[in-house]
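A.B. asks: Fold the following, please.
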Amino acid sequence: MTEEPKNVFVIAPTKLHFEELKTVRGVGDRFHLIPLLDVADVVHVEELRLRHVVDKARAQLDAFGGSVDAIIAHWDFPTTLLAPMLSHERGCRAPSVDAVVQCGHKYWSRVAQRRALGDETPRFALVDPFDPRAIEGTPLPYPFWLKPVKAFSSQLGFRVEDRAGFERALTEIRAAIPRIARPYDELVKEAGVSEELRAIGGQYCLAEEYLGGFEIAHEGRVFRGEVTFHATMDMIREDEVFTRFEWPSSQPARIHRRMEEMTAAVLKEVGYDDGCFNAEYFWDRETDALRLIEINPRISQSHAPLAMLVDGQSIHEVAIDVALGAPPSFEPGAGEHAMAAKLLHRVRRDGVVRRVPTDEELAALERRFGAFIEVTPSEGDRLSDLLDQDAYSYVLASVYMGADSREELLTRYRALLDALPLEVEHREAA
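C.D. replies: The predicted model follows:
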């Protein structure tokens, strides 16, 4: 007797990501894919209406005529916590909500890292930005990083050089942090996160020592207690901002092995199981120090095109297999290209977007350069009004490309930018 296909719900897929998901082996035979919630509900939202989102998701699952066999997510908060909460409500496989919080909450993650890794953990301190004595009570020497315990990307992350910079950062954080802190506090309560972990809510910040070096990330899964890594990538920064992500990493294998040992130790410490993750590190080539930056309890949707270009297989397949309780299979290096990259076209000055490419122009450029292009702003947007940008620059476009060498890739990328009809009228500095 042939087993009926399973029903896999995907939280807030974009049109692109859902098309990518349809390329996963087994779609239609082993499982069906069903969107759950819209991107507009949970991604780049000016005001996240948590109650509306939770009620809408539950109503959609209730109204579905078949079984709910798996729920997966690729975005950061709130989907990283929505997915395990809804999964446990429906009897689906997923990490515990406490383990997810200990990975994704910057303070609790550092606490767990301290237990698992000891002195390899950067120095850190909890900061209440609304405490009038926050500056005097923070024991770290300048410079250090200050960031909310829960945020999107690098939003509200500041390099603090001195007291004046600390005061400026706190002013900006106080004004903007409620946008995420309030729904975060609602969701951890709704999800049944333990009282101990809820005690440090979303309105807090983390101060941590300033780290430097080369940034490397890896991605993997925990399946029935076994940690497995399926990819590494180099995260290239220029003047403190990311400019591209190269897949796979070209750094020494011994560094990759150390990363794996450290990540596995932290995941075991927090009890993370039956889920995917990615983790980011700084490696100081001079001292050989390796420091864990963060663990994200999910795969990244932006890595999926890179895996297809280099490995010939979608990492979405790994997430689906884990959620369905099937042993995942991933074979690195089976794709058409030796390497691939996500390249971020950024500018540092504010301005107004006067022209963006038409769909026809984008399609022509993608065919010409063998790339995929995502344009961030729309015509007429002011860059400083865009949601979820970092504190120092604005992303105009993301470009995904494969190549046989870095030189070839960067040459084609520069030519693509020269041909990209995207125009910004910049403000003159005051």
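A.B. asks: count of neighbours near residue 374?
C.D. replies: Around residue 374 there are 15 other residues, counting by other C-beta atoms under 10 Å. (Glycine included, C-beta is placed from N, CA and C.)
A.B. asks: just checking, it touches residue 397?
C.D. replies: Yes - using C-beta atoms under 8 Å, residue 374 is in contact with residue 397, at 6.4 Å.
A.B. asks: so the residue nearest to residue 124 when sequence neighbours are not counted, which of the three states?
C.D. replies: Excluding the flanking residues, the one nearest residue 124 by C-beta to C-beta, 6 or more residues apart in numbering is residue 208, at 4.1 Å. Following DSSP: H, G, I helix; E, B strand; the rest coil, the label given to residue 208 is strand.
A.B. asks: Is residue 226 bridged to anything, and to what?
C.D. replies: residue 223 (DSSP bridges).
A.B. asks: Could you check how many residues crowd around it?
C.D. replies: Using other C-beta under 10 Å, residue 226 has 10 neighbouring residues.
A.B. asks: on that earlier part again, pLDDT value on the residue nearest to residue 124, please?
C.D. replies: On pLDDT, residue 208 comes in at 96.
A.B. asks: Just give the number of residues close to it.
C.D. replies: Residues contacting residue 208 under the criterion other C-beta under 10 Å number 20.
A.B. asks: begin at 809 from here
C.D. replies: Got it, the first residue is 809 from now on, which makes the last one we talked about residue 1016.
A.B. asks: need the contact list for it.
C.D. replies: By C-beta atoms under 8 Å, 6 or more residues apart in numbering, the contact list for residue 1016 reads 918, 930, 931, 932, 933, 948, 952, 953.
A.B. asks: mind checking how far it is from residue 933?
C.D. replies: 8 Å (C-beta to C-beta, to the nearest Å).
A.B. asks: list residues touching both of those two?
C.D. replies: residue 948.
A.B. asks: which secondary element of this structure has the worst mean pLDDT?
C.D. replies: The helix or strand of the chain with the poorest confidence is helix 823-829; it has a mean of 79 (mean pLDDT, DSSP states H and E).
A.B. asks: quick one: buried residues of that helix?
C.D. replies: By neighbour count on 16 or more other C-beta atoms under 10 Å, the buried set for helix 823-829 is 825, 828, 829.
A.B. asks: tell me which of the residues you listed is nearest to residue 992?
C.D. replies: Closest approach to residue 992 among the buried residues of helix 823-829 (C-beta to C-beta): residue 825, at 23.7 Å.
A.B. asks: can you pull the contacts of that closest one?
C.D. replies: Neighbouring residues of residue 825 by C-beta under 8 Å, 6+ apart: 818, 882, 1109, 1112.
A.B. asks: Restricted to strands, list those.
C.D. replies: Those of the contacts of residue 825 mapping onto strands are residue 818, per DSSP state E.
A.B. asks: circling back: could you redo the buried residues of helix 823-829 as JSON lines and give each row distance to residue 1078?
C.D. replies: Compiled in JSON lines, the buried residues of helix 823-829 are given as follows (distance: C-beta to C-beta, whole Å):
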{"residue": "825", "distance to residue 1078": "27"}
{"residue": "828", "distance to residue 1078": "29"}
{"residue": "829", "distance to residue 1078": "28"}
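A.B. asks: Tell me which of the contacts of residue 825 fall in helices.
C.D. replies: residue 1112 (DSSP state H).
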